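> coords please:
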Amino acid sequence: MASCRTFNSISESASRSIERGIDLDGWKGACLDALSDIKKVAERMGGNSLASAINSIIVDLRDERFYLAVLGSFKRGKSTLINALLGLEVLPTGILPLTSVITRISFGKETQARVFFEDGNSIEISASELESFTTEKGNPNNEKGVTEVQVYVNNELLRQGVVLVDTPGIGSVHVQSTQNTYRFLPKIDAAIFVTGVDPPISNEEINFLSEMCQTVNKVFIVLNKMDLVDERDIPQAIAYTRSVIANFLNTNSLELYPLSSKLALLSFRDRDKLKLSNSGFIEFSNRLKEFLLNERGRVFVQSAIKKGIRNASDLLTLIDLQLKMLQQPINEIQEKMTWLKKEIERVNNRISELDHVIAARCEQAVKKAEAMISSHINEIVPRLLDRISNYVNSEFLKCKKKDLVPRIEKFITESVEQEVRPILNRLELDLQKAIQDITFSLERELEKIHTDFREEVGRIFQVQMPSYQESDFSICKSRVYFDEVRLFDYEGIIPLEIPYVLPKPLYIRVLLKRVSNVVTSEMDKYSGKLRYDYAYRLNEGIRLVKSEIIARMQITLDIMRKAVESIEIMKEKAQFEKNSKFKELAELRASVKEAIDRLNSMSVEIGAGE
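Purely as a prediction, here's the structure:
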């Protein structure tokens, strides 16, 4: 396997000195100190999940693990782009959606991989075996229970602590894969968003990019597969994509790089400088190198600060709850504990009631969707058959029977795209809106239940509960996708059993009847597929929205339970012990608050240094 290093070595000392004289080592050390202080408090408070989360941030920052993720819709060439960055064909690529689990690529002396499973076990595999675990073909619906794959490659980019992350494409029929990608966003330090020209960037991709920009500090945008675009259309394609993204994100400063990762990868394999030049990859590669050399440290520390503040805020809430409860008489605390248990039960009942309402809405939505699908399909079939019939009758006089068959087959293929595609595009928009309407309604109602619960807990226990931005609840919009490959396989649609010896008029009648039967049958099958897909995605979208918001509720409940457990332990203690505990908690709170202030000050300084 031919290898070509696409990145030169980036020395740490050069990286530190070149960032405009800014003391990155000082920032990193100060950030690590603040995070360590927060972690110590979390451990003393018994907040194991918080301590674990903060420890992960510390390890990544200390070891300078910089997570550079490649994200976007499926079939945009993300895995091929990563292979081009590595100069090696390491990850599986192909026509169909492939990546189904998070795959991390980091430095190793030899190319190898390790697969991690849901049961906690792991196995070592060769790179050639990746397809069996990371793709829908080799691991359909993740039936093997893979949680993550770690790939090791000897590459200078990775040697510097950069971890490339290949993510499942958003928007495919595999909702779990999309969910995995969204959940990985908070761990990312910088991202490469990959889109394309055919089809043009979609609303779904734009929404995902917008959410990504709220979480990730640095985003590069790659317009991939430019080798498929006519040279005359390239300027227009670039201008259109830039305009759509800039208008949606309300920005004039986009880093958009049109390129062909496939052509770049071929150039490395063939050692063809002309191909590399024509691929457009050099400009992107140079900009990425410049970023890693000049800006990576700043973005890295900013990312760690943001993650640290988020976890420290939850820790403050836990401390504040215990402080408030220590100041209250035991009988009041017991009353509030009784109230809390009833409130939790009430919230669960509200969710159960909402389940019944949503189930009824789903049933109604599916019926409407079925009617919508039937209406569109019924519009397609007659138009398609009329078009084919007119063509066959017009060609009847122009050619011999043996020449007519391949012409008709070609025409059928073209007609499907010309007649069916526009109607299916309308259907896609209609169904997507229907799914989004119902999941948006569920999302808002669940969010209200959570908000009411959080505010009521804060009021009763007289403490400021952590609030979450709306984007935390909006990461699970339903997505409808229709295959862009040919709807039917028309190769050989005209069977050999239709004999050429038939008189031409009879031959045409038999042929048209056969075509009519096949088209009608295939469209009926496709209609059934659409109905199934709609119901499946609707239910998956609802499940996904519920799981995300209930997970946020669980954080609130865990904080409350931990506070209550601590107070129950203290309620039989003497007053002087309570006073001592109060003093200890106050000191811990001051320590966390001071650490947050330090992180905030660093964030301001880093921003001012840009």
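
> Any regions of the stretch 51-200 of the chain where pLDDT drops low?
Residues of the stretch 51-200 of the chain meeting the criterion pLDDT under 70: 94-100, 169-184, 186.

> State the pLDDT value of the residue sitting furthest away from the middle of the chain.
No residue in the chain sits farther from the centre than Pro503, which is 58.7 Å out by CA atoms, centre = their mean. pLDDT recorded at Pro503 is 77.

> quick one, phi/psi of it?
Pro503 adopts backbone torsions of phi -60, psi 150, taken as degrees, to the nearest 10.

> I'd like to know how far the nearest residue to Glu110 once chain neighbours are set aside sits from Leu265.
Using CB to CB, 6 or more residues apart in numbering and skipping residues adjacent in sequence, the residue nearest Glu110 is Asn154, 6.6 Å away. (Each C-beta comes from the backbone N, C-alpha and C, glycine too.) The spacing between Asn154 and Leu265, counted by CB to CB, to the nearest Å, is 18 Å.

> Show me which of the two is the more surrounded one.
Between Asn154 and Leu265, counting by other CB atoms under 10 Å, Leu265 is the more crowded of the two (28 against 15).

> Low-confidence ranges, the stretch 301-450 of the chain, go.
Those would be 330, 401-402, 417, 419-432, 434-435, if you go by pLDDT under 70 across the stretch 301-450 of the chain.

> Sketch out the helices for it, chain order is fine.
Here the stretch 301-450 of the chain has its helices, by DSSP state H, counting those that start in this stretch, at 330-395, 401-415, 421-461.

> same thing with the stretch 501-610 of the chain?
Taking DSSP H, counting those that start in this stretch to define them, one finds helices in the stretch 501-610 of the chain at 504-570, 575-608.

> What residues of the shortest one count as buried?
Spelled out, that is helix 575-608. The neighbour-count check on helix 575-608 (16 or more other CB atoms under 10 Å) flags 578, 581, 585, 588-589, 591-592, 595-596, 598-599, 602-603, 606 as buried.

> From the contact counts, what lies against it?
If you count contacts as 3 or more CB pairs under 8 Å, 6 or more residues apart in numbering; DSSP states H and E, helix 575-608 packs onto helix 24-45, helix 296-326, helix 504-570.

> now the angle between helix 330-395 and that helix, please.
40 degrees (axes from the mean of the first three to the mean of the last three CA atoms, to 10 degrees).

> any idea of the mean pLDDT in helix 575-608?
Averaged across helix 575-608, pLDDT comes to 84.

> returning to what we had before: let's have the buried residues of helix 575-608 in a markdown table, adding distance to Gly138.
Formatted as a markdown table, those follow (distance: CB to CB, whole Å):
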| residue | distance to Gly138 |
| --- | --- |
| Lys578 | 60 |
| Lys581 | 56 |
| Leu585 | 53 |
| Leu588 | 50 |
| Arg589 | 51 |
| Ser591 | 50 |
| Val592 | 46 |
| Ala595 | 46 |
| Ile596 | 46 |
| Arg598 | 48 |
| Leu599 | 43 |
| Met602 | 45 |
| Ser603 | 43 |
| Ile606 | 43 |
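
> can you name the two of those that are farthest apart?
Among the buried residues of helix 575-608, the pair separated by the greatest distance (CB to CB) is Lys578 and Ile606, at 41.9 Å.

> mind putting the helices of the stretch 301-450 of the chain in JSON lines, distance to Asn250 and mean neighbour count included?
Shown next, in JSON lines, are these (distance: least, CB to CB, whole Å; neighbours: other CB atoms under 10 Å):
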{"stretch": "helix 330-395", "distance to Asn250": "33", "mean neighbour count": "15"}
{"stretch": "helix 401-415", "distance to Asn250": "41", "mean neighbour count": "16"}
{"stretch": "helix 421-461", "distance to Asn250": "22", "mean neighbour count": "17"}
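
> Which secondary structure state is assigned to Arg104?
strand (DSSP: H, G, I helix; E, B strand; the rest coil).

> swap in Val149?
Look at Val149: counting by three-state DSSP, its state is strand.

> got a list of what it touches?
Val101, Ile102, Thr103, Arg104, Ala113, Arg114, Val115, Phe116, Leu130, Phe133, Thr134 (CB atoms under 8 Å, 6 or more residues apart in numbering).

> Nearest to Lys78 among those?
Thr103 (10.3 Å).

> in terms of contact, does that closest one touch Asp166 like I think?
Yes. Using CB atoms under 8 Å, Thr103 makes contact with Asp166 at a distance of 4.2 Å.

> follow-up on the earlier one: give me the phi and psi angles of the residue nearest to Glu110.
When read as degrees, to the nearest 10, the backbone of Asn154 gives phi -80, psi 100.

> Would you mind measuring from it to Ile82?
Asn154 sits 15 Å away from Ile82, going by CB to CB.

> Next: Ser352.
Distance of Ser352 to Ile82, computed by CB to CB: 44 Å.

> And for Asp230?
From Asp230 to Ile82 the distance is 27 Å (CB to CB).

> Quick check on those two: which one has the bigger neighbour count.
The neighbour count for Asp230 versus Ile82, taken as other CB under 10 Å, is higher for Ile82 (28 against 8).

> so that one touches Ile105, yeah?
Yes. Counting by CB under 8 Å, Ile105 is a contact partner of Ile82 at 6.8 Å.

> overlap in contacts of those two?
Listed as contacting both Ile82 and Ile105 by CB under 8 Å, 6+ apart are Val90, Leu91, Leu164, Asp166.

> Out of those, grab the one that's most surrounded.
Neighbour max across these (other CB under 10 Å) = Leu91, 28 neighbours.

> which non-adjacent residue is nearest that residue?
Ser79 (4.2 Å).

> And Ala53, by the same measure?
Take Ala53 and drop its neighbours on the chain: the residue closest to it by CB to CB, 6+ apart is Asn311, 5.2 Å away.

> ok, the one you found - contacts?
Ile38, Ala42, Leu50, Ala53, Ile54, Ile57.

> ok, 6 Å please
Residues in contact with Asn311, defined by CB atoms under 6 Å, 6 or more residues apart in numbering, are Leu50, Ala53, Ile54.

> By neighbours, which of the residues you listed wins?
Tallying neighbours with other CB under 10 Å puts Ile54 at the head of the contacts of Asn311, with 26 neighbours.

> element containing it?
Using DSSP states H and E, Ile54 falls within helix 48-62.

> What is that helix packed up against?
Applying 3 or more CB pairs under 6 Å, 6 or more residues apart in numbering; DSSP states H and E, we find helix 48-62 packed against helix 24-45, helix 296-326.

> Quickly compare the ones you listed and say which is most buried.
Burial of the helices and strands packed on helix 48-62 is given as mean neighbour count (mean count of other CB atoms under 10 Å); helix 296-326 ranks first at a mean of 22.

> ok, how many other residues are close to Glu295?
18.

> what's the spacing between it and Lys289?
Glu295 is 11 Å from Lys289, by CB to CB.

> Repeat that for Ser243.
With CB to CB as the criterion, Ser243 and Lys289 are 28 Å apart.

> Tell me which of those two has more neighbours.
The neighbour comparison of Ser243 against Lys289 (other CB under 10 Å) goes to Lys289, with 15 against 11.

> Quickly find the element holding the spatially closest residue to Ile123 that is not a sequence neighbour.
Using CB to CB, 6+ apart and skipping residues adjacent in sequence, the residue nearest Ile123 is Val115, 5.4 Å away. According to DSSP H and E, Val115 maps onto strand 112-117.

> what about that strand, distance to the chain center?
Taking the mean of its C-alpha atoms, strand 112-117 sits 21 Å from the chain's own mean (CA atoms, centre = their mean, to the nearest Å).

> Strand partners (parallel or antiparallel) of that strand?
strand 122-125 (antiparallel), strand 146-153 (antiparallel) (DSSP bridges).

> tell me the most buried of those strands?
Of the strands paired with strand 112-117, strand 146-153 is the most buried (mean count of other CB under 10 Å), at a mean of 20.

> Summarise which helices and strands the helix or strand just after it is packed against.
Counting by DSSP H and E, the next helix or strand C-terminal to strand 146-153 is helix 156-159. For helix 156-159, the packing partners by 3+ CB pairs under 6 Å, 6+ apart come out as strand 103-107.
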